[in-house]
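Student: Build me a model:
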Amino acid sequence: MRMNALMLPLWKATEVGDPEILPEELRDLIDGGWRTGPAGALLLDGCYGDGSGWRSDWQAGDVAQHELDVNDVGIPCHDLPQEREPFLRGAVARSRAFAEAALRVAHGLPAADSLVAIVSVGVDDDFLTHGATVKFATERGGFPETFAELDRFRFEAMAVLDAHGDSAQNEDRGRS
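Tutor: A predicted model of the protein is given here:
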């Protein structure tokens, strides 16, 4: 796992994600599971559906970008406290719980060993509007180099979780 300096204190302030804190729509996405899509892409079934809204002529060299487009989940934060610190901690806790649960569900699928969750929580003055997102992609075929250096993000607390173990074990590695 890697994270930027903005995420580190927020991450440390949360516990390993409890899926019970997730709103119903996020639990439904997890319960819906994953599917293998065009070019061997790993896709959240609830985001991809029957595939009719997506092109299917994906090339292996672009698979990660397509995964990021499909597996782009806005984390509902409207019910969190409106004060800055409680909101940010709540958004990180909810994003973390969702990302960890979704990665667990993908375990054992083809290419799941290269699946990552990219957690982004806005921390600038517009934090209530920015909210939180979690995107999933495999680190192959077109995975953006943007996520190699997370400290370049100055307005988002960023973390990239991998499928190789829970974040509590990986947290000791910090920003690697």
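Student: Show me what the one helix or strand P86 maps to is packed up against.
Tutor: Element membership of P86, judged by DSSP states H and E, is helix 84-106. Applying 3 or more CB pairs under 8 Å, 6 or more residues apart in numbering; DSSP states H and E, one finds that helix 84-106 contacts helix 7-12, helix 24-32, strand 72-75, strand 115-122, helix 127-130, strand 132-138, strand 156-162. (C-beta placed from N, C-alpha, C; glycine too.)
Student: which parts of that helix are buried?
Tutor: 87-103, 105-106 (16 or more other CB atoms under 10 Å).
Student: What of stretch 67-85?
Tutor: Buried, per 16+ other CB under 10 Å, within stretch 67-85: E67, L68, D69, V70, N71, V73, I75, P76, C77, L80.
Student: Ok, stretch 153-169 next?
Tutor: Neighbour counts over stretch 153-169 (16+ other CB under 10 Å) mark F153, E156, A157, M158, A159, V160, L161, D162, A163, S167 as buried.
Student: Reformat those as a markdown table; add distance to F147.
Tutor: Converted to a markdown table, the buried residues of stretch 153-169 look like this (distance: CB to CB, whole Å):
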| residue | distance to F147 |
| --- | --- |
| F153 | 9 |
| E156 | 11 |
| A157 | 14 |
| M158 | 8 |
| A159 | 10 |
| V160 | 6 |
| L161 | 11 |
| D162 | 12 |
| A163 | 15 |
| S167 | 16 |
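Student: Let me know the closest of those residues to T133.
Tutor: Taking CB to CB as the measure, T133 lies nearest E156 of the buried residues of stretch 153-169, at 9.0 Å.
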